[in-house]
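K.L.:
sequence? don't have it. structure:
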């Protein structure tokens, strides 16, 4: 589904990703772990198409298409979804209006019929129940005045509603208490499907107790330096990220 | 400055008979002489610094519309969602009884200037006999010389007028470009209240100059909720002046939406002349193409414990130009005044221009005042957020721009009316077509 090869990315003259390669197949859950500043969020932003990220080398193919050629909205319609680390507050734009506009924009782009308000609301009710979100959030402006936990759950709610094929969760667990973390994990697990893949970017192992990954990768200095199964996350938790660096040094010596 | 613009208009004034008695003839004569002497404000006029009258001054407009009474007007133009009660319609400056609805309402008189000039002109003297000594007030003078019609609304003391009263000013196409005048008068009696919509519309393509001057007096404890919707075609020229004077404990709640016209100027002068009187306003202009809109606010606190709360937004895209001048003056002795003004603007194009000028002049003690103005661009983070969910760049820009404008009308409680304005603004917002040629989302 997704193939990233030797990706080099520069932001404001600074090299952040330096030769990252990653392959994700449908149905898989990949966790990307790593210390602060390793380039984890850069990866999520580049996949979603944020401006200001200069790809100087390498390629990203998604379902056989050159992802870097697509505008953010085209990626969304093709099934790429980024749950933001810092969801943006948009005063004056009603959450329901926004979600329906987004869903129908994607459907139009895919040549599908738009949902009328009855069909849309039915879908909303189903998804809200899964995430234990209050109806009231729908009537407010997008993320405006939401608590940190509500913003993150709103991201997962949007994901549930938009039903992407490839979902990237950028530190969705940060700032969540254990109850909210479980709700987020429930939301993700309910969507696990042989046709859908997840990239879960996180700093801590904790989330991975609830969203059990098929693969764990360690991102350091702009590259994936170690890959393994879920046990790698536990080792990291135990030894810290310096353990990776030391192992690399030992290997080089 | 003798101009091609004034000549035919003043010539018409000199030759027309005036109803209303000697005092009115004198008032018009005075304004006429002032205009002949001063002409239109020139490049050195501070009040017209950003709105040059040079191009307009060289154009010729026919004075008034002889056929105003019989012009066909598309009935759809007059409609406003959520508003279906009393309606006074003026076409090219003349009252049209056939298009109006004037039910008999207790406590309120819905009349016209032409009617009142015939029947009881002296009641108008307090409104029409004004000096307009400042040469910058050329359009007020012109209005005084030529205006023959307009709405006259009086609410009796203590009356609460339930239905929303709808005033419609229509610019209708004609074979020549017209300069039409309208003079409106609203007087809300002691403790009375009124809700009013002033609605400017027109047939697409006409290039008339409308000159609409409204005078509002709120007696002690009176309240007026005034919504001004300027939805003229983008070929029209429109000069508006709204003057309000508030006696003690009076409250004026103004919402002002400027969306139409090619060239427009609005002077809004409010005097808080009674103790504890209050003026609250929310306004917005949203411009594109080569539209030019100049909004000039002038709020004077001349009594004790008065307050104003003003929030104005401006949007300019493409090659449009928006001007906001917000002046608040607290006179000596007007202690306890509370004056708040905020003006935020959005520039959507490198070729667009916005000039904002907040002015605060305080001559009293014990005053609370704050004002601020900003000019910015759309938030890139918000744009990306919306696009990452599937909205095109154009849709995302429209949605964010509309959200920015909503401050001016999101507190309208009439849902149908609020949604109508929302749709009207979205329609007027410049960035409509998607890069893929698709229509924008309409959930």
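P.N.:
Ah, there it is. As the structure is a computational prediction, the values presented were derived from the model and not from experiment.

K.L.:
neighbouring contacts of stretch A:219-235?
P.N.:
A:8-9, A:15-22, A:31-35, A:38-40, A:43, A:205, A:208, A:212-218, A:241, A:243-245, A:247-248 (Cβ atoms under 8 Å, 6 or more residues apart in numbering or on different chains). Just so you know, the C-beta spots here come from the backbone N, C-alpha and C atoms, and that holds for glycine as well.

K.L.:
pLDDT (mean, whole number) over stretch B:411-425?
P.N.:
The average pLDDT within stretch B:411-425 is 93.

K.L.:
for that stretch, which positions count as buried?
P.N.:
Buried positions in stretch B:411-425, judged by neighbour count with 16 or more other Cβ atoms under 10 Å in any protein chain shown: B:412, B:414, B:417, B:418, B:420, B:421, B:422, B:424, B:425.

K.L.:
ok, the fifth one touching residue B:82?
P.N.:
Yes. When contacts are counted by Cβ atoms under 8 Å, residue B:420 is listed as touching residue B:82 (6.5 Å).

K.L.:
re the thing from before, in helices, which of the buried residues of stretch B:411-425 fall?
P.N.:
Among these, the ones falling in helices (DSSP state H) are B:417, B:418, B:420, B:421, B:422, B:424, B:425.

K.L.:
got the contact list for the nearest residue to residue A:56 once chain neighbours are set aside?
P.N.:
Nearest in space to residue A:56, with sequence neighbours left out and distances taken as Cβ to Cβ, 6 or more residues apart in numbering or on different chains, is residue A:8 at 4.8 Å. Listed by Cβ under 8 Å, 6+ apart, the contact set of residue A:8 reads A:15, A:17, A:18, A:19, A:55, A:56, A:57, A:58, A:222.

K.L.:
Compare these and tell me which is most surrounded.
P.N.:
residue A:17 (27 neighbours; other Cβ atoms under 10 Å in any protein chain shown).

K.L.:
thinking again about what came up before, give me the subset of the contacts of stretch A:219-235 that lies in helices.
P.N.:
A:40, A:43, A:208, A:243, A:244, A:245, A:247, A:248.

K.L.:
and of these, the nearest to chain B?
P.N.:
Within those, proximity to chain B (Cβ to the nearest Cβ) peaks at residue A:43, which comes in at 14.6 Å.

K.L.:
Do I have it right that the closest one meets residue A:16?
P.N.:
No. Here residue A:43 does not reach residue A:16: they are 9.0 Å apart, not a contact under Cβ under 8 Å.

K.L.:
Give me the more crowded residue out of the two.
P.N.:
Between residue A:43 and residue A:16, counted using other Cβ under 10 Å, the more crowded position is residue A:43 (28 against 23).

K.L.:
what residue of chain B is the furthest out?
P.N.:
Taking Cα atoms, centre = their mean, the residue of chain B most remote from its mean C-alpha position is residue B:388, at 39.5 Å.

K.L.:
how near is residue A:88 to residue A:176?
P.N.:
Plainly put, residue A:88 is 18 Å away from residue A:176 if you go by Cβ to Cβ, to the nearest Å.

K.L.:
and stretch B:53-65, which residues are buried?
P.N.:
Buried-residue list, stretch B:53-65, by 16+ other Cβ under 10 Å: B:53, B:56, B:57, B:61, B:62, B:63, B:64, B:65.

K.L.:
In strands, which of the contacts of residue A:8 fall?
P.N.:
Among the contacts of residue A:8, the ones falling in strands (DSSP state E) are A:15, A:17, A:18, A:19, A:55, A:56, A:57, A:58.

K.L.:
From those residues, pick the one nearest chain B.
P.N.:
residue A:55 (16.5 Å).

K.L.:
check contacts around the closest one.
P.N.:
A:7, A:8, A:9, A:46, A:68.

K.L.:
Which stretches in the stretch 251-400 of chain B count as strands?
P.N.:
B:251-258, B:263-272, B:278-287, B:292-301, B:307-316, B:321-330, B:338-347, B:353-362, B:368-376 (DSSP state E, counting those that start in this stretch).

K.L.:
Helix or strand with the lowest mean pLDDT in chain A?
P.N.:
Least confident helix or strand of chain A, by mean pLDDT, DSSP states H and E, is helix A:242-252 with a mean of 70.

K.L.:
low pLDDT regions in chain A?
P.N.:
Confidence mapping of chain A against pLDDT under 70 gives the ranges A:248-253.
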